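Engineer: Have a look; sequence and predicted model below, questions after that.
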Amino acid sequence: MSVIPVDLLPDSLLETFRERAAVHDRENTFPSEDLADLRERGYLRLLVPTELGGLGGSLLEAARVQRRLAGAAPATALSMNMHLVVTGAALHAHRLGVASVRTILEDAAEGRLFAFGISEAGNDAMLFDSGTRAEPGEDGGHLLTGTKIFTSLAPVWDRLVVHGRLADAPEEEPRLVFGVLERDEHVETLDDWDTHGMRPSQSRTTRLHGAPLRADRVVTTTPVGPNPDPFVMGIFGAFELLIASVYTGIGERAVSLGSSIALTRRNVTKGIVHADDPDIRWRLADAALRLDGAVLETEKVLADLDALGTGESGPGIDDHGPRWFLHFSGVKSRASEAALAAVDQVLRASGGAHYFRRSELERLSRDVRAGLYHPSDEESVHSSYAKALLGEIGTDR
């Protein structure tokens, strides 16, 4: 049974978000009013266990709520995803007994907003390596210097999860440190977000100039390269699956709009409404078909990930072992591609009026394309699957 209040995102609030989304997209501004409304309703505590002051939601429940939010305000949903990725990773690690993540959950319970500073230009390894340098600091802490890109919630975050390469680790055994920064004079946020879509997310560039990572805010250290660290696995899983849910929600909203348009728009030549045109029916059905598959597979892997943390077992629950990361990236790839294809089918079915900026479909068509750039990208996903199937390139067989 769901523990998330049924009125967490009522229809009336979502309609308000939808109206605001058009304005923030046009003006390229962050949806501060949306954030205030979500704070008031406990959204920041969504994935915090009840015993720590949260709503006690699961990753599966968070994904369902995010799909709903994305259908009204895609960029708001994408922004909040970053907070939910951090708290979702902390929840996963907390379930597995990792003590260092407790402060993340406690901060979220007190209303602190988390952002996610991992992406770096040219760093295809993402979580598993970093161009940011972590020098030894005072009292066992670190000083981080580097540049992070696509930092959603950039103007408003309270805490920033980052990683960097440990400068004092042996060259033959490079290591990464993951931890939580607070905003201070060592953290510079650029005003450089002017994009094709997802404009209100304000995912600006962040520069770290010797930013102090206190020892008590270090979450984990890991080797460079793929590894099973619970917090890193939680980040990867929550990121990929919640991203998949956001883009699926955009696609679902497009299909809903396309269906409404087809029921009223007439084909003057044929003398019928478009809902009776076989070609239009096929396009909308094709869009819905793709999205149904995306929802089913995303929710399956989310349920399995929740069960991994809680120790639940039984029929329909799977531990994917060495294929967890493969499934995370595969689900994100298939869901974001399905959403993109679905929105495009709806656009083709709905006519030239929706090429104008006044159309919600026009905005959705731009927002959904941001999924192309989120990791794991198509090249990375296919490389991982090829490696799983065929081994490393050039390996003696």
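Structural biologist: Perfect, I can see it now.
Engineer: Helices of this structure, start to end?
Structural biologist: For the chain, the helices identified by DSSP state H occupy 11-27, 32-40, 59-70, 74-95, 102-109, 230-264, 278-310, 324-350, 360-367, 378-390, in order along the chain.
Engineer: what packs against the fifth one?
Structural biologist: In other words, helix 102-109. Of the remaining helices and strands, those touching helix 102-109 by 3 or more Cβ pairs under 8 Å, 6 or more residues apart in numbering; DSSP states H and E are helix 74-95, strand 114-117, strand 159-166, strand 175-182. Quick note: C-beta positions are derived from backbone N, CA and C, even for glycine.
Engineer: could you give the mean pLDDT of it?
Structural biologist: The predicted model gives helix 102-109 an average pLDDT of 98.
Engineer: Residues contacting it from elsewhere in the structure, which ones?
Structural biologist: Surrounding helix 102-109, the residues in contact under the criterion Cβ atoms under 8 Å, 6 or more residues apart in numbering are 44-45, 47-49, 52-54, 83, 86-87, 90-91, 94, 114, 158-159, 161, 180, 216-217, 219.
Engineer: Return the distance of stretch 335-345 from the chain's centre.
Structural biologist: Centre-to-centre, stretch 335-345 and its host chain are 17 Å apart (Cα atoms, centre = their mean, to the nearest Å).
Engineer: cool, and stretch 63-82?
Structural biologist: 9 Å.
Engineer: Start and end of it, how far apart?
Structural biologist: For stretch 63-82, the first-to-last residue distance is 12 Å (Cα to Cα, to the nearest Å).
Engineer: Please work out which helix or strand belonging to this protein has the smallest mean pLDDT.
Structural biologist: Of the helices and strands making up the chain, the lowest-confidence element is strand 266-267, at a mean of 88, by mean pLDDT, DSSP states H and E.
Engineer: Identify, out of the helices and strands packed on helix 102-109, the most deeply packed stretch.
Structural biologist: Greatest average neighbour count among those goes to helix 74-95 (a mean of 28), per mean count of other Cβ atoms under 10 Å.
Engineer: what's the angle between that helix and helix 59-70?
Structural biologist: For helix 74-95 against helix 59-70, the angle between stretch directions is 170 degrees (axes from the mean of the first three to the mean of the last three Cα atoms, to 10 degrees).
Engineer: Helix 74-95 packs against which elements?
Structural biologist: Helix 74-95 makes packing contacts with helix 11-27, helix 32-40, helix 59-70, helix 102-109, strand 114-117, helix 230-264, helix 278-310, helix 360-367 when contacts are defined by 3+ Cβ pairs under 8 Å, 6+ apart.
Engineer: and the angle for that helix with helix 11-27?
Structural biologist: Relative orientation of helix 74-95 with respect to helix 11-27: 120 degrees, computed using the same axes, to 10 degrees.
Engineer: Flag the shaky bits of the chain, pLDDT-wise.
Structural biologist: Across the chain, residues meeting the criterion (pLDDT under 70) sit at 1-2, 396-397.
Engineer: Can you spell out the domain ranges of it, please?
Structural biologist: Domains of the chain are assigned by automatic domain parsing as 11-113, 115-223, 230-390.
Engineer: Out of those domains, which is closest to V3?
Structural biologist: When those are ranked by distance to V3, counting by Cβ to Cβ, first place goes to domain 11-113 at 4.7 Å.
Engineer: Any idea how far apart the tips of that closest one sit?
Structural biologist: Across domain 11-113, the terminal residues are separated by 24 Å (Cα to Cα).
Engineer: likewise stretch 115-130?
Structural biologist: Terminal residues of stretch 115-130 are spaced 17 Å apart (Cα to Cα).
Engineer: Just the residues contacting it, thanks.
Structural biologist: Contact with stretch 115-130 is made by 82-83, 85-86, 131-132, 146-154, 157, 159-165, 176, 181, 206, 208, 224-227, 232, 235-236, 239, 375-376, 380, as judged by Cβ under 8 Å, 6+ apart.
Engineer: Run through the residues that contact L160.
Structural biologist: If you count contacts by Cβ under 8 Å, 6+ apart, L160 has them with 114-117, 151, 180-183, 187, 206.
Engineer: Out of those residues, the closest to G197 would be?
Structural biologist: G197 has its nearest neighbour among the contacts of L160 in T151, at 17.0 Å by Cβ to Cβ.
Engineer: What number of residues are in the vicinity of that closest one?
Structural biologist: T151 is surrounded by 26 other residues when neighbours are defined as other Cβ atoms under 10 Å.
Engineer: W157 versus that one, what's the distance?
Structural biologist: 8 Å (Cβ to Cβ, to the nearest Å).
Engineer: got it, and G57?
Structural biologist: Computed as Cβ to Cβ, the G57 to W157 distance reads 21 Å.
Engineer: center of the chain - which residue?
Structural biologist: Residue closest to the mean C-alpha point of the chain, counted by Cα atoms, centre = their mean, is I243 at 3.5 Å.
Engineer: Correct me if wrong: that one contacts L372.
Structural biologist: No. The pair I243 and L372 does not pass the contact test of Cβ atoms under 8 Å, sitting 11.6 Å apart.
Engineer: which residues does G88 contact?
Structural biologist: By Cβ under 8 Å, 6+ apart, the residues touching G88 are 47, 59, 62, 234, 237-238, 242.
Engineer: what comes into contact with the least confident helix or strand of the chain?
Structural biologist: By Cβ under 8 Å, 6+ apart, the surrounding residues in contact with strand 266-267 are 272-274, 277.
Engineer: out of those residues, who has the most neighbours?
Structural biologist: The residue in these with the most neighbours, by other Cβ under 10 Å, is H274 (22 neighbours).
Engineer: thinking again about what came up before, in CSV, list the helices of the chain along with distance to I317.
Structural biologist: Supplementary listing: the helices of the chain in CSV, determined by distance: least, Cβ to Cβ, whole Å:
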stretch, distance to I317
helix 11-27, 32
helix 32-40, 31
helix 59-70, 12
helix 74-95, 15
helix 102-109, 24
helix 230-264, 15
helix 278-310, 5
helix 324-350, 14
helix 360-367, 34
helix 378-390, 22
